[in-house]
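> sequence and predicted model, in that order:
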Amino acid sequence: GAWTHYGTMATDRDLDTISHSTFEFRPWLEIYLGNTYKVRKVIVINRWECCTSRIDGALVTLWNNGFNVSSCGIIRDRGNNHRTKEEQTYIIDCDGTEADTVRLQHTKKWKENLHVKEVYVRGLPGGHPQIDNLAYKKMVTPVQFKEIVDGNLNKTLPDVGKTVLKIDLGDTYLLEQADLYTEGLLN
C-alpha cells in the first residue's frame with residue numbers, strides 16, 4: 001500500500017496510508033471539521049505493524065473558534081504485543097461537546113513521532129438539541145406503521161408479518177448505532 005506522511009492521510013479512510021509527524025517536541029495533528037458539531041467520540045486507529053508505543057500519551061482535545069473547549073482523554077498504549085487493528089483502535093468519549101476542530105497532540109516531555117492510520121469523529125450537527133433518535137417522527141414506509149417511530153415504546157403495534165420498513169431520515173448520516181425494538185412487532 002501507499003506510505004505517506006501527510007496529515008490528510010489520517011482522514012482518508014484508507015488503512016494502507018499513514019499520517020506521520022517529524023521527530024519533534026509535542027507533535028500534533030489537527031482536524032478541522034468544517035462546521036460545529038456535538039462531538040460524541042473520537043476513534044483513533046494507531047499503527048499496528050510497528051512502533052505502537054508512540055501513541056502513548058497522545059491527548060485528544062476539542063476546539064471551537066480557536067479556543068480549547070474540552071480535553072476528552074489521553075491514549076495509553078496497550079503494548080507491542082497488541083498488534084492488530086482492533087487492539088490498536090482507541091475510542092475516546094467526548095460527551096457531545098460542541099467543537100469545530102479535533103486535535104491529537106503528544107504530551108510527552110521528550111521528542112517523539114506522532115503517527116496514526118485513521119481518525120474518525122462521531123457527532124451531531126452543533127447548535128441543535130441532542131438528537132437521540134434520528135428516526136423520530138420521520139417518514140416510514142409503509143405509511144400505516146408511522147406509529148413505530150413516535151417515541152412511545154409502551155404500546156402494542158400491529159403484526160407486520162414480513163414487511164420491510166423503510167425510514168426516511170430526511171438527510172444522510174453516518175450512523176454509530178441503530179436500535180430496533182422488536183417485541184410484538186417482528187415475531
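Great, that's in hand.
> could you list the single helix or strand in the chain with the lowest mean pLDDT?
Least confident helix or strand of the chain, by mean pLDDT, DSSP states H and E, is strand 139-141 with a mean of 45.
> where in the protein is pLDDT low?
The chain contains residues with pLDDT under 70 at 1-5, 80-81, 126-187.
> mind listing the strands for the protein?
Applying DSSP state E to the chain gives strands spanning 19-20, 24-25, 28-45, 58-64, 67-75, 89-106, 111-112, 115-116, 118-125, 139-141, 166-168.
> tilt between the fifth one and strand 28-45?
With axes from the mean of the first three to the mean of the last three CA atoms, to 10 degrees as the criterion, the two stretches strand 67-75 and strand 28-45 enclose an angle of 50 degrees.
> ok, now the fourth one?
Our comparison of strand 58-64 with strand 28-45, counting by the same axes, to 10 degrees, yields an angle of 110 degrees.
> that older thread, for Y6, find the nearest of the strands of the chain.
Y6 lies closest, by CB to CB, to one member of the strands of the chain: strand 19-20, at 6.5 Å. Heads up, the C-betas are built off the backbone N, CA and C, glycines and all.
> residues contacting the closest one, please?
4-10, 29, 113-117 (CB atoms under 8 Å, 6 or more residues apart in numbering).
> just the buried subset of these, please.
Neighbour-count burial within the contacts of strand 19-20 applies to G7, M9, A10, L29, L114, H115, V116, K117; the criterion is 16 or more other CB atoms under 10 Å.
> what residues are up against V102?
Here V102 is in contact with E30, I31, L33, V39, V42, V60, T61, L62, W63, V119, V121 (CB under 8 Å, 6+ apart).
> quick check: the third one vs V121, distance?
Distance from L33 to V121, counting by CB to CB, to the nearest Å: 7 Å.
> out of these two, which sits in the busier spot?
Each of L33 and V121 has its neighbours counted (other CB atoms under 10 Å); V121 has more, 20 against 17.
> so what pairs up with that one in the strands?
According to DSSP bridges, the partner residues bridging V121 are V42.
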